[in-house]
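# Have a look at this fold, sequence not included:
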């Protein structure tokens with residue numbers, strides 16, 4: 001398998017991902033991708049878009065809605081499938097309870113510490129996107145991102161939710 005990595009990924013942000021690819025013997029090349037951040041040459045219609053945390057996902061769902069919506073329309077145009085992989089799978093809700101995120105439903109108790117958007121609104125938008133487009137959302141810890149990307153690309157997206 002050869003993984004294509006979007007050239008707009010910041011090198012510092014993906015150092016551990018690249019290290020995982022190298023450690024696992026997975027070849028990778030940098031190229032400007034039409035959609036998303038990662039894909040395999042074996043299945044170019046299956047795409048992974050990496051988000052560094054729930055806050056970035058919330059921003060794409062609200063303030064960056066138009067830009068991300070255009071990306072979803074490009075996905076539709078190629079009849080592709082995308083997993084949005086969020087590198088955060090836990091947060092503390094408003095009561096201070098630690099919540100493990102396994103699906104977008106688990107975001108409903110999330111509150112943005114830097115803004116007014118809440119998890120219920122983020123969930124509603126993401127749920128609508130899942131209904132209208134071939135997109136799913138998956139969550140992982142930062143240390144496992146490289147392995148999760150490899151797994152997803154090997155399986156072509158099957159069982160994306162971990």
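Thanks, I have the structure now. Every value quoted in this text rests on a predicted model; they were computed, and no experiment measured them.

# Next one: the residue with the largest distance to the centre of the chain, what pLDDT does it get?
For the chain, the largest distance from the centre (CA atoms, centre = their mean) belongs to residue 95, which lies 26.7 Å off. pLDDT for residue 95: 85.

# Quick check: which element contains it?
Applying DSSP states H and E as the criterion places residue 95 outside every helix and strand.

# how near is it to residue 109?
Distance, residue 95 to residue 109, using CB to CB, to the nearest Å: 8 Å. Backbone N, C-alpha and C define where each C-beta goes, glycine included.

# in this protein, which ranges drop under the pLDDT threshold?
157-162 (pLDDT under 70).

# need the longest strand for it.
Identified as the longest strand of the chain according to DSSP state E is strand 43-51.

# what pairs with it, and is each one parallel or antiparallel?
Sheet neighbours of strand 43-51, with direction, are listed as strand 38-40 (antiparallel), strand 81-86 (parallel) (DSSP bridges).

# Any idea how far the shortest one is from the middle of the chain?
Meaning strand 38-40. 12 Å (CA atoms, centre = their mean, to the nearest Å).

# Which residue ranges of this structure form helices?
Counting by DSSP state H, the chain has helices at residues 15-23, 54-61, 65-77, 119-132, 145-155.

# Give me the packing partners of the shortest one, helices and strands only.
It stands for helix 54-61. helix 65-77, strand 81-86, helix 119-132 (3 or more CB pairs under 8 Å, 6 or more residues apart in numbering; DSSP states H and E).

# redo that, cut-off 6 Å
In this structure, helix 54-61 packs against helix 119-132, with contacts taken as 3 or more CB pairs under 6 Å, 6 or more residues apart in numbering; DSSP states H and E.
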